[in-house]
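Participant: output the structure for:
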Amino acid sequence: MSLHSIRLEGVTTHNLKSVDVSLPKGRLVVAAGVSGSGKSSLIIDTLFEHSKTLYLGALSSKSLDMGDGDYQFDRIAGTQPPVALRQRDGGYSNPRSTVGTLTGLDGLYRLLFGAGSRPVCPVCLGPTGADLFCDTCGCFAEPHSAKHFSPNRKEGKCLGCDGVGEIVGFALDKIIPDRSKTLTEIWDGADPGTFAVPNVRKAFEAMAADIGLDLDLPFEKLSPEQTERVLHGSDTIYTLKIRKVTNDFRFEGILDFLERAYKNASSAARRNAFTNYLGREVCSACGGGRLRPESLRATVAGHTFHDFQSDELSRSIARLRQALASGDMPPQVRELAAAIVKQSANIDEVGLGHLQLRRPVTTLSGGELQRLLLAQHLASDLTGVMYVLDEPTAGLHEADTGKILTSLRRLRDLGNTVIVIEHDESVIRAADWIVELGPGAGSRGGEIVFEGRFADLLRAGDSPTAAAMLSEAPSRTAVDLTGARWLEIGGITRNNVVDQTARFPLGGLTCVSGVSGAGKSSLVAGIHDAVSRVIARRSAGTAAGGAGVEGANALDDVIYVEQRPIGRSSRSTLVTYIGISDHIRDAFAGSADALERGLGRGEFSPNVAGGRCEACKGLGLAEIEMTLFKSEFVVCPECDGRRFQDHVLEVRLNGRNIYDVLSMTVEDALGWFDAAGYPKVVQALGVLDEFGLGYLQLGCSTTTLSGGEAQRLNLAGELLKQRRSRTLFIFDEPTRGLHAADIRHLLALFERLLSTGNTIVVIEHNVKVIAIADWVIDLGPGAGHDGGRVVHSGTPAALAANPDSVTGQFVRRLRDEPDSTAPGTEPAAGPPIGVAPDLGVLGELLPLAVTVVAGTARNAEQNDPTPYGLVIGSLTVVSDELALIGFLVRSRSTSWLAIADTGRFCVNILGEDQKDVADALSQGRPDCRFEALAWTPSANGCPRLAGAVGTLDCSLKSTYQIGDHQFVLATVVTVDMDAGADRRPLLRDGRGDSALGAYGWRRFSLEAGVR
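Facilitator: Now for the predicted structure:
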């Protein structure tokens, strides 16, 4: 076995078929394949879980087996200490956990303010002098420490809300949401166990009769005095007979009763009865800042602790950097402020700069949480670790994918192995090594169909991933919007979306797009709430319209299919989840064999005693408890894995017993039940088959499904509940977790829904889906504070031409791509697939242009990536077709040797206003030249200079020795250059056309060679 690889042999976990595979260490490895092909079974359930067991077990002799994976294999060798960054993992459900507490930035800010802020006067909250004495009040302030900025310590927390920032109490809007209802209707509709209890209602009715209050009077028609009596009662005592018992009662009012009853509740169940009426209000004492007034007034560099808590990370970074540059940061905390900037910048680099430190972790999406954990590990500088990530680009806009790739490369360049389960084409292209499982899903997958590099993947004839990449983009016939009816919702305000209008066609497919954090979910939630209110009012017989809503009369229902996990009970199966298990049991219970034996439907359930195998309780597996090790599961020896007792298995329905039917795939069962005449079962199985889940067994456990399979099953379950027209379906990123080959099933479902008169709105990042929608609502232009506005509402074609839309740039790029499947087309080395980057934009400018060749080399001593760069006088386009460029460097250049060792670099073409950049790169130590320059990582992970006229991401192809120089031949992966800009490249001083013969070839062919 090679010391440079991780070797897995004979892996049979779940659907894997004795898989043998090697994964290179210290590389970025991508596990690809269709949904359900076995990626998670191999990488997470087997490799990670076994590696975790090994390393946790090595910590203590008492920890012999700490893994929780049900994996099976013959041999695993060469593994490393594992770290799994999953989209949603346990341990992050604490409602008090925030972005600040999870990342540790809260603690750093507390230290910053504890040491760097000056206390204010505790009486007048005014400034104090160097001795902490207030000249106005004549009193001293307490010296600050980190405790004074913690909402969990008595020194710092607000006493009004106990450091929570909110006051929880009963909200009238929740108790009486519809004030047009009468007092009788309010009592009739009250939640059980609240103010609707008989003694409270009788007391209220007695008071109403006493003061002449009409119970049929709507609440909104009550006078101020009557409203006071209803909410806070009166002091009058009434003698009432309730259930044969006579007692004295006083009506204390709805609010007063709820507050007393909630405070005195003796059990959690009793308190839960009141939760629907509870609301939260911002604490008036601290304004939501959670700290006492003295702590909230303290500042560092002119900003309070609450400023940094409530503002977006990207803005906080800018504040701290400005304070460090201007000298406003107190000297004793400058190093601490720089550490905060570094850690915050890691979070910004993974596309989460729009987050606030105070945001609860429970509100983050799975993808956001995973990227937040990724940012933490970027700051840890661990080396020799095996990182496992599950679809880190899930829920991420195309514009932010490059940031994730840069982060993954940084982890790799620190000397770690990075293994990513991914469907995103950009990530697959960037991989050092690709392992594809398949060729199909479930029983049709579980095999290695490809191992190797990306260029070889595109030539692999049996690769579904390559076939999907090289195939045409999905297409559909757009809905004719001529004369279409429209739904318009105005005044949508939620989170960063403020007073926006959403307008889209009824009966069409609308995509809501925008960068991550732009406000897509907030806008769609506003649409859902507005339409739901209109439909509810219509059902109640009140006015059908709604404020700011037009066109909703054409809808009878609205269904929001959100991203959420499906049931994870060990007894949850495919048929129980979609609700056809009862139909199957009824079919067997109604058979002649069952009637003859007197068996009912209960005997055909593996979850009910009577017909199931009692040895394994209907699971088909028997648990073997081991004293020191984790329990093992084997096929039940009593029922041989068939889950039922013999007398139940003897019952036949059209020649098959219950175990035979539950072992059938959806495809096989569809034909069998159709022939047997069970339309409800056929209807449900037909939806599963349309979703591409025909390979799953009816009795398979939902705990064994992959993320993509679980998502499609969730969608199918929702759709089976409603099979009618005039419904608005809202989907939350339905392509998340789906392989490109599986998206066709989703689009087919959309077409079926639209054909029956429904309307579809999807939150979506997939550019190929956005490009074929009927209408697009694009949010932006940025994230967080910079987003929340509708920058485009129109067709995809108009979106592609919209200069204000980030999404439009990617739709335009997709539309401009030629057909990559044309005969004779050879896949290129860089995006887009099948098309070499257009080097014609470089024109005749390059031979005399000053360029910077920048790369990143790892410092062996510090295990840290170090940027290197050198200035060259010119470069040339060697081949348009093959996207090759060439340039000269000195053979002994230490900078070039460091860059060449990585094999990738970014060519920056300087502008005529950047002579100072060229001078800076020509002076000083090679590994220090970038310290004085503004640069960001390019898509290739190399330094990209701010303000460059153009940039070319390249990979090294070969070098040729010419005297004391080397001629470098490089493949261009991406080009970012505006040939029509007014700015011109920086030209070499004192060089004319005569210099072209020495260094600056304009063009030459590969066949002519290097002269």
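Participant: contacts, neighbours, all on C-alpha from now
Facilitator: OK.
Participant: pull the longest helix from this structure.
Facilitator: Longest helix in the chain, counting residues (DSSP state H): helix 520-539.
Participant: contacting residues around that helix?
Facilitator: With Cα atoms under 8 Å, 6 or more residues apart in numbering as the test, helix 520-539 has contacts from 489, 492-497, 502, 512-514, 543-546, 549, 552-553, 555-558, 560, 730, 732, 763, 779, 788.
Participant: and it, what's buried?
Facilitator: Residues of helix 520-539 classed as buried under the neighbour-count rule (16 or more other Cα atoms under 10 Å) are 520-528, 530-535, 538.
Participant: quick check: what element follows it along the chain?
Facilitator: Next in sequence after helix 520-539, counting helices and strands by DSSP states H and E, comes strand 549-550.
Participant: ok so, going back, quick check, nearest of the buried residues of helix 520-539 to residue 133?
Facilitator: Residue 133 lies nearest to residue 522 out of the buried residues of helix 520-539, by Cα to Cα, at 48.2 Å.
Participant: quick check: that closest one vs residue 211, distance?
Facilitator: 46 Å (Cα to Cα, to the nearest Å).
Participant: circling back to that earlier point, nearest to residue 876, of the buried residues of helix 520-539?
Facilitator: residue 520 (44.6 Å).
Participant: what does the pLDDT read for residue 64?
Facilitator: You'll see residue 64 listed with a pLDDT of 44.
Participant: over to residue 9?
Facilitator: According to the prediction, residue 9 has pLDDT 94.
Participant: and it, what element?
Facilitator: Assessed by DSSP H and E, residue 9 sits inside strand 5-11.
Participant: so what's the closest residue in space to residue 297 that isn't next to it in sequence up against?
Facilitator: Distance criterion Cα to Cα, 6 or more residues apart in numbering; nearest residue to residue 297, sequence neighbours excluded, is residue 304 at 6.5 Å. Contacts for residue 304 (Cα under 8 Å, 6+ apart) come out as 296-298.
Participant: show me which of the contacts of helix 520-539 are buried.
Facilitator: Listed as buried from the contacts of helix 520-539 are 489, 492-494, 496-497, 502, 512-514, 545-546, 549, 552, 555-558, 560, 730, 732, 763, 779, 788; burial here means 16+ other Cα under 10 Å.
Participant: show me the helices in the stretch 751-900 of the chain, by range?
Facilitator: Under the criterion DSSP state H, counting those that start in this stretch, helices of the stretch 751-900 of the chain are mapped to 767-770, 796-800, 806-816, 894-902.
Participant: which strands or helices does the longest one pack on?
Facilitator: It stands for helix 806-816. When contacts are defined as 3 or more Cα pairs under 8 Å, 6 or more residues apart in numbering; DSSP states H and E, helix 806-816 sits against helix 398-413, helix 767-770, helix 796-800.
Participant: which helix or strand in the protein has the lowest average pLDDT?
Facilitator: Here the helix or strand of the chain ranked lowest by mean pLDDT, DSSP states H and E is strand 632-635, holding a mean of 69.
Participant: contacting residues around the strand holding residue 9?
Facilitator: 1, 17-25, 42, 46-47, 72-79.
Participant: so which of those are in helices?
Facilitator: Among the contacts of strand 5-11, DSSP H puts residue 42 in helices.
Participant: just checking, residue 738 touches residue 34?
Facilitator: Yes - taking contacts as Cα atoms under 8 Å, residue 738 lies within contact range of residue 34: 7.4 Å.
Participant: count residues in the vicinity of residue 260, would you?
Facilitator: Neighbour count for residue 260, taken as other Cα atoms under 10 Å: 11.
Participant: and the host helix or strand of it, what does it pack against?
Facilitator: For residue 260, the host element (DSSP H and E) is helix 254-263. In this structure, helix 254-263 packs against strand 166-170, helix 224-232, with contacts taken as 3+ Cα pairs under 8 Å, 6+ apart.
Participant: which one of these lies closest to residue 258?
Facilitator: That would be strand 166-170 among the helices and strands packed on helix 254-263, by Cα to Cα, at 7.6 Å.
Participant: neighbouring strands for that closest one, and are they parallel or not?
Facilitator: strand 278-282 (antiparallel) (DSSP bridges).
Participant: which other residues reach the helix or strand following the strand it pairs with?
Facilitator: Following strand 278-282 in sequence order, the next helix or strand is helix 293-297 (DSSP H and E). Residues outside helix 293-297 that contact it (Cα under 8 Å, 6+ apart): 119-122, 125, 148-149, 156, 158, 285-286, 289, 304-306.
Participant: where do the helices sit along the stretch 351-500 of the chain?
Facilitator: Under DSSP H, counting those that start in this stretch, the stretch 351-500 of the chain gives helices at 366-380, 398-413, 425-430, 454-457, 464-470.
Participant: what's the closest of the ones you listed to residue 602?
Facilitator: Among the helices of the stretch 351-500 of the chain, helix 366-380 sits nearest to residue 602 (Cα to Cα), with 39.0 Å.
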